[in-house]
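Visitor: quick check, what structure comes out for this input:
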Amino acid sequence: MKKKLKLHSDWILIFDNVEKFTDIQKYFPHDYNVWGRGKVIITTRNSNLKNSHYISHAIQVGELNSAEKMQLFSKIMNNSTTTSFTSLQQKQAQKFLNSIPSFPLDISVAAYYLKATNISYEKYLKNLNEYNKEFSNIHENILKEENKNAKTRHSIIVLSLKNILEVQKEFIDLLLLISLIDSQNIPRFLLDSYKNSTKVDNFIYHLKKYSLITNESAPHSIPTFSIHRSTQAISLSYLTKTMSLEKNDQYLKKLVKFLEHYIADVIDKEDFSSMKILANHCEAFLNHTHLLTDTIKGSIGSALGCIYYYLSYNTKAKYILEESLTNLNKNYGENYNRIARTLMYLGNVYRALGDCQKAKDLLEQSLTIYNKHPKNHMGTAKSLGYLGIVYRGLGNYTKAKDLLEQSLGIYIKYSENHIGHAWILAHLGNTYMILGDYKEAKNLLEQSLKIYKNYSENYVGVSWVLGYLGNVYREIGDYEKAKKILEQSLIICRKHFPENHVYVASSLAYLGRIYGEMGDYTKAKNLLKKSLATYEDNYGKDHIETIRVLESLGQVYCLEGHFDKGEALIKQALQVLQLKKYSESYIPLENLAKLYIKKHTQMLNKGNEQQSQEFKEKATAYLKQALAIVRKSFPENSWHISRIQNELKNFK
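Guide: Numbers count the residues shown, from 1 in each chain. Here you go, the predicted structure:
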């Protein structure tokens, strides 16, 4: 061959269907003086071959587009002409082609089968989805008669899987994992946590060897890879039979236990980037209902519900957590820890949706279970913390502080300087801020911030705590410091969430209030309106977060001198707060009092004593209402009580 090629210039030598480069290496042209000048083409399913220094260029034969699929399909069906389909047949064929993999092999195999058997598109798809062995054999026989390559996608993939498992039997767990989760954007970090990274390297190498990987993430992003959905379906079908998954769920139990612990760790670390990726994979896992027991459905469903809560998909979280609770309760003895955790996050979801009473009931149920089984210290600490946050929402600030401090004590004892410790410090700090103890609030928030920053300067928790801290500086009147902190908080938040996310809305609202206090009313209104729109879209017009922003917007209008517009918005907020019996209705009452004090002063300066007196009476009435609320909700020594009392005294 060497001698023959050297006699001709511009020759082309094709090595077809190469499995590994070593099979052809000693026959591979590499010296012009010996072989002459020409070109070499290698066809292979082994994508690792492109890494050989002998290969100068690689062409990936990927999926066909819609027009290419139709062209190939119609040529086979119509004996190399594309003009025999009627308009209706073309539409039917296109619908069929959209339902099968878009690779040339799949299109041609389907066309030859349909042409030979004359079965309907619907029947072909039914047989294809069931991956019947007899169906695959008929495929191969038809292709042999057509003098074509008799390999079908099913046979190629099954053979590849067998070869992979022959290399390393332990790959079976990894294959099962990637067959049950979403086939797209499979995170490398998940596999590394399941097996050691060296085994995962070897596993991925073999997936590439048989071209089972269709796509990999770009450099400098989270490492992920994808496999085709049809490849995944064939793999799961093969593994289900090989491992007897429908009769023996030990493999699944092992996998579920890993996923549960891994997701719990991601949640406890508040790792939002990983949560976003894992959500799709949990959804895909739960779709395999024929393989899953009630406990498995409840376990993965509960984990997914927790992720939804953290990502603020509260309606979806509520549905799946309630469904998971039903499944887990079918076997309480095995699942009490999972039930306690599910109740805790379901309580959080109800709190986020504005139903604090329901949240309180669920969290108390969760805490009761944790107290009966006291080994789970972190579960107890978190449940206490969330219950404290709910009591804060219900306006019982003394009880809230007590529960949060109990939670903090557990974190200090068992998990100091952990993210959970930072989390509880932040909530306790925010509670002290609401109580008016700004010095202690600042101290606790700075401790929290220090722990979060140990993980990363751009951690989501850093943004969250900076928001609270900026609010403290606003309350004590250091607006420049507050503005700087809140702008930093917003920058970090935008790195993790889209502009229409409620976390971004929260940062915008904090910043809007500062700009209002600093006199930049246009900027303040723009930020608050943007925040308001996001809250209304996500929570509705009567949610507590929406109302807080509405009330802040009203304050800005009042500061700007647009009293009528500002008063209307503050009263709108007050009406909802009073209807839902929120203790923080004292805030709009105080702000209405301030507005009427301004009106009183204006009328007094104009010499209109009657109008001035009416405004004074209204301001006094609002302050008295506010005082009654804070006396009921805050401790006797509260700064809020003394502040409003002084306002009433000075106004007289």
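Visitor: show the pLDDT at the residue nearest to Ser84 when sequence neighbours are not counted.
Guide: The shortest distance from Ser84 to any non-neighbouring residue, by CB to CB, 6 or more residues apart in numbering, is to Asn78 (3.9 Å). For the C-beta atoms, the positions are set from N, CA and C on the backbone; glycine is no exception. You'll see Asn78 listed with a pLDDT of 83.
Visitor: how near is Asn78 to Ser102?
Guide: For Asn78, the distance to Ser102 equals 20 Å [CB to CB, to the nearest Å].
Visitor: over to Leu394?
Guide: Applying CB to CB, the value for Leu394 to Ser102 is 56 Å.
Visitor: flag every buried residue along stretch 520-527.
Guide: 520-521, 523-525, 527 (16 or more other CB atoms under 10 Å).
Visitor: from those, which is closest to Pro374?
Guide: Closest approach to Pro374 among the buried residues of stretch 520-527 (CB to CB): Leu527, at 46.3 Å.
Visitor: could you find the closest non-adjacent residue to that closest one?
Guide: Gly512 (3.5 Å).
Visitor: now the one you found: which helix or strand?
Guide: Using DSSP states H and E, Gly512 sits within helix 502-517.
Visitor: which residues in the stretch 51-200 of the chain form strands?
Guide: For the stretch 51-200 of the chain, the strands defined by DSSP state E, counting those that start in this stretch occupy 186-187.
Visitor: low-confidence regions, it specifically.
Guide: 80-83, 130-134, 136-137, 139-152 (pLDDT under 70).
Visitor: got the buried residues for stretch 219-233?
Guide: Neighbour counts using 16+ other CB under 10 Å place 223-228, 230-233 of stretch 219-233 among the buried residues.
Visitor: ends of that stretch, what's the gap?
Guide: Length of stretch 219-233, first residue to last, CA to CA, to the nearest Å: 28 Å.
Visitor: could you do stretch 260-279 as well?
Guide: End-to-end for stretch 260-279, by CA to CA: 13 Å.
Visitor: tell me who's in contact with Asn500.
Guide: If you count contacts by CB atoms under 8 Å, 6 or more residues apart in numbering, Asn500 has them with 534, 537-538.
Visitor: helix or strand with the lowest mean pLDDT in the protein?
Guide: Every helix and strand of the chain was ranked by mean pLDDT, DSSP states H and E. The lowest is helix 133-145, at a mean of 67.
Visitor: so which strand or helix has the nearest residue to Ser507 once chain neighbours are set aside?
Guide: Distances taken as CB to CB, 6+ apart place Leu490 nearest to Ser507, at 4.2 Å, with adjacent residues excluded. Assigned by DSSP H and E, Leu490 belongs to helix 479-496.
Visitor: just the CA atoms of that helix, as PDB, please.
Guide: Extracted in PDB, the C-alpha atoms of helix 479-496 (Å, rounded to 0.1, in the frame of the first residue of the first chain):
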ATOM      1  CA  TYR A 479     -27.000  57.400  54.500                       C
ATOM      2  CA  GLU A 480     -23.600  57.500  52.600                       C
ATOM      3  CA  LYS A 481     -22.400  54.300  54.400                       C
ATOM      4  CA  ALA A 482     -25.800  52.700  53.800                       C
ATOM      5  CA  LYS A 483     -25.800  53.600  50.100                       C
ATOM      6  CA  LYS A 484     -22.300  52.200  49.600                       C
ATOM      7  CA  ILE A 485     -23.200  48.900  51.300                       C
ATOM      8  CA  LEU A 486     -26.500  48.500  49.500                       C
ATOM      9  CA  GLU A 487     -25.000  49.100  46.100                       C
ATOM     10  CA  GLN A 488     -22.400  46.400  46.900                       C
ATOM     11  CA  SER A 489     -25.300  44.100  47.900                       C
ATOM     12  CA  LEU A 490     -27.100  44.700  44.600                       C
ATOM     13  CA  ILE A 491     -24.000  44.000  42.500                       C
ATOM     14  CA  ILE A 492     -23.500  40.600  44.200                       C
ATOM     15  CA  CYS A 493     -27.200  39.700  43.900                       C
ATOM     16  CA  ARG A 494     -27.200  40.400  40.200                       C
ATOM     17  CA  LYS A 495     -24.400  38.000  39.700                       C
ATOM     18  CA  HIS A 496     -26.600  35.100  40.900                       C
END
